[in-house]
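Chemist: Quick one, structure for this:
(2 chains)
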Number of protein chains: 2
Amino acid sequence: MPDIRTAVLDAATQARAASIDLRLLTRDRKDAALRAIADGLVSAIATIVAANERDVQRATESGTDPAIIDRLTLDAKRIEAIADAVRDVAALPDPVGDVVRGYRLPNGLEVKQVRVPLGVVGMIYEARPNVTVDAAALCLKSGNAALLRGSSSARETNLALVEVMRAVLVQQGLPENAITLVPGDSHEAVTHLMTARGLVDVLIPRGGASLIQSVVDGSTVPVIETGVGNCHVYIDDTADIDMAIDIIVNSKTQRVSVCNAAETLLVHEAIADRFVPAALVALAERGVTIHGDDAFAKYAAQVEIEFKPVTDTDWAAEYYSLDLAAGVVPSLDAAVGHIRTWSSGHTEAIVTGSQQAATRFVACVDAAAVMVNASTRFTDGGEFGFGAEIGISTQKLHARGPMGLPELTSTTFVVTGDGQVRS
Amino acid sequence: MPDIRTAVLDAATQARAASIDLRLLTRDRKDAALRAIADGLVSAIATIVAANERDVQRATESGTDPAIIDRLTLDAKRIEAIADAVRDVAALPDPVGDVVRGYRLPNGLEVKQVRVPLGVVGMIYEARPNVTVDAAALCLKSGNAALLRGSSSARETNLALVEVMRAVLVQQGLPENAITLVPGDSHEAVTHLMTARGLVDVLIPRGGASLIQSVVDGSTVPVIETGVGNCHVYIDDTADIDMAIDIIVNSKTQRVSVCNAAETLLVHEAIADRFVPAALVALAERGVTIHGDDAFAKYAAQVEIEFKPVTDTDWAAEYYSLDLAAGVVPSLDAAVGHIRTWSSGHTEAIVTGSQQAATRFVACVDAAAVMVNASTRFTDGGEFGFGAEIGISTQKLHARGPMGLPELTSTTFVVTGDGQVRS
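Modeler: Below is the predicted model of the structure:
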């Protein structure tokens, strides 16, 4: 048995060496490599699909959930979509070299704060093999080496994808270790990746809450927490009823298995009589199960909708399903208090006709994104116009909310003088 | 004996509650409170000096290094200077509410990325009691609650300073728990602070390398690493000799006990004959001891300067003293390679007449700041015109280099619509 620790640290060391070369690449060379990667993936569709079929067969034999098998499966159409996404990344502006601040000091020194690559970016993620290519493309564009650790269920697919990308890098005269799959299939490999401080500059976990928590707890490498979303929609007393129903229905049901779906509905008591019965009917039509408080119990009985009593487990839940916790609150401040207690800091929404209420809600809740009269589903790099997204940060440091290419950079202060010294 | 864990977590919980109120304060109210704190400190000079004398006496009796006692000591003049620094913070712009990005999407949604306070900022620092007030003032200005853990040697001084500041907060109608000294004098209290994830939003350690390392290793709360500086000055073959001597002398000797002082001198072999003998004489005149390689040994013998052979310990050292590691390198790339091996990522300097060399050095070294033809001593929030500095980050995430008020904030995406939902 090979020494997993040595293998992982060797891979990280090689990625680090590659990252030094990546710092110097012009945008033209990076974009050319990305377009060649897109072409290479399309040319290799047969090989990739064959590798993927072996993963899918193994997953099927071991009785994996069909929804997960669907996420794992690649066909020609999905591979072409992945290649198109790489071409989209090539078309985005290069963040490296952007001047964040620039000014001249009284002593004549020129100060420029310039974006530079982070170095080595480690990704730890679950079944979807498209993340392997998306993350590699975003890292390459931002001048970072990518150390990729996907799900073991997608191992053969990921190996095939990375082999194609590395071959293109070599053809393009770029360091092949700019894109590396973490060796080893065991959890032990992840542990060594998480503690490779000094070799890996940042870890970005993407997946369920337990994956993210284990990375946060076990890493000495800095982590960017992503994607855990217990999102709330608060209907203020001055809300437009139809708008409020549209927004809660869209936030809850437009796509349920995503982090920016709503999990809790809070309603001001002064609008509850007018809003809740109609909302319950609209939500029930979409198959939503309500976990509500006593007030909701009363309204559910009025409109003869099935109903479960809400518990603290519900208030805390990210259902990722057609379930919705719901309660009536006496005031906006009570809604804010509830949200501050239970929120994961992802996205909170208010529906209101009052500018004052909107301002107070925005100032008081503490989240990556706050929606005023809009669906929670808009918290998304694509929707925000970033063109690509490496994840949605739910932490407060470095990046908060959808992360695009600039969030994959650090900065350096470049100070240019003609001999200045301090007196 | 009280339960230290409960006491620390209670203090953090109270700070968290205070931080919610701080989010809503206008700049006017924060600035008024800061000016009142400055006045309060001046009014309390007698009390503060008396408390400080007890700390100083205890430190003297336990045989503390006179340099540390000097840092610990406060007199009326120093307290007035601290108060003036608080007034300076009041005069700075408020980062909270600044719009970092703002645009309108095709669907009519208005997206604004707005600066918001981080929440609760924990500071862990060493002897200087001025940090207690500086940090509290910067946190208050940026809308954060400050949880302060100074050196136990400054305990009575810090208690007196915090008591004055909290009394002013109460007078001003602000939450007194916006400024809190971590209870307990033991290391155990620090451990509980470092693991109060969810209550404390960020920890900023300020002090020596061992303090910072212990906070990085022991914290589950996100940490911003500060201030460890193994800074290099590289003299390129095209450097102006006089400028090069001025810059290395200033970088090494202008103040030795600071993180932006130079610790290593690297010289291109093509300029060594002209530069090194004169530099050795200039450095020796300032009392600098050279730890050099074989080439430096030869030059030191020529000019009859005392000399020690360099070891890996020297290349790694942050001397904080009048010692300097020194070597001759065959090329700029060799200098970059040396720096990448030994640098702490704080500040690296090149002295060169070549634009091409400057560009390559800037692109290849990976540091918070890179100086071209200027002293390393300029990496400083005050010098950069930030007006105040909470520390110098040597990490790559969130903030890198001198941190001012904006670095004490996070952001929220505020998205405003009129009923938009996703289709």
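
Chemist: show me where pLDDT drops low in the stretch 251-400 of chain A?
Modeler: Of all residues in the stretch 251-400 of chain A, none has pLDDT under 70.

Chemist: got the residues of it near chain B?
Modeler: Contacts of the stretch 251-400 of chain A with chain B, taken as CB under 8 Å from any CB of the partner chain, map to A:251, A:254, A:340, A:358, A:362-364, A:366-375, A:377-379, A:383-385, A:395-398, A:400. From N, CA and C alone the C-beta is placed, and that goes for glycine too.

Chemist: What helix or strand is the residue in the stretch 101-250 of chain A positioned nearest to chain B located in?
Modeler: As assessed by CB to the nearest CB, chain B sits closest to residue A:250 within the stretch 101-250 of chain A, at 3.5 Å. With secondary structure defined by DSSP states H and E, residue A:250 is part of helix A:241-253.

Chemist: ok, now residue A:414?
Modeler: Using DSSP H and E, the secondary-structure element containing residue A:414 is strand A:409-420.

Chemist: How far away from the center of its chain is that strand?
Modeler: Counting by CA atoms, centre = their mean, to the nearest Å, strand A:409-420 is centred 32 Å from the centre of its parent chain.

Chemist: Would you mark the buried spots in it?
Modeler: If you call a residue buried by 16 or more other CB atoms under 10 Å in any protein chain shown, then strand A:409-420 has these buried ones: A:409, A:410, A:411, A:412, A:413, A:414, A:415, A:416, A:417, A:419, A:420.

Chemist: nearest to residue A:242, of those residues?
Modeler: The nearest member of these to residue A:242, counting by CB to CB, is residue A:409 at 43.2 Å.

Chemist: Now do the same contact list for the closest one.
Modeler: A:95, A:96, A:98, A:115, A:116, A:117, A:118, A:142, A:143 (CB atoms under 8 Å, 6 or more residues apart in numbering or on different chains).

Chemist: Leaving aside the residues adjacent along the chain, what's closest to it?
Modeler: Spatial nearest neighbour of residue A:409, excluding adjacent residues (CB to CB, 6 or more residues apart in numbering or on different chains): residue A:115 at 4.3 Å.

Chemist: Is the longest helix seen in chain A positioned near chain B?
Modeler: In chain A, with assignment by DSSP state H, the single longest helix is helix A:4-22. Yes: Helix A:4-22 lies within reach of chain B by CB under 8 Å from any CB, at residue A:20.

Chemist: average pLDDT for that helix?
Modeler: Averaging pLDDT along helix A:4-22 gives 96.

Chemist: tell me the domain boundaries of chain A?
Modeler: For chain A, automatic domain parsing gives the domain ranges A:4-225+A:398-416, A:231-383.

Chemist: can you list the residues of the stretch 101-250 of chain A near chain B?
Modeler: Residues of the stretch 101-250 of chain A lying near chain B (CB under 8 Å from any CB): A:103, A:105, A:109, A:111, A:113, A:116, A:118-119, A:201-202, A:216-217, A:220, A:222, A:224, A:240, A:243, A:246-247, A:249-250.

Chemist: could you flag which of the residues you listed are buried?
Modeler: A:109, A:111, A:113, A:116, A:118-119, A:201-202, A:216, A:222, A:224, A:240, A:243, A:246-247, A:249-250.
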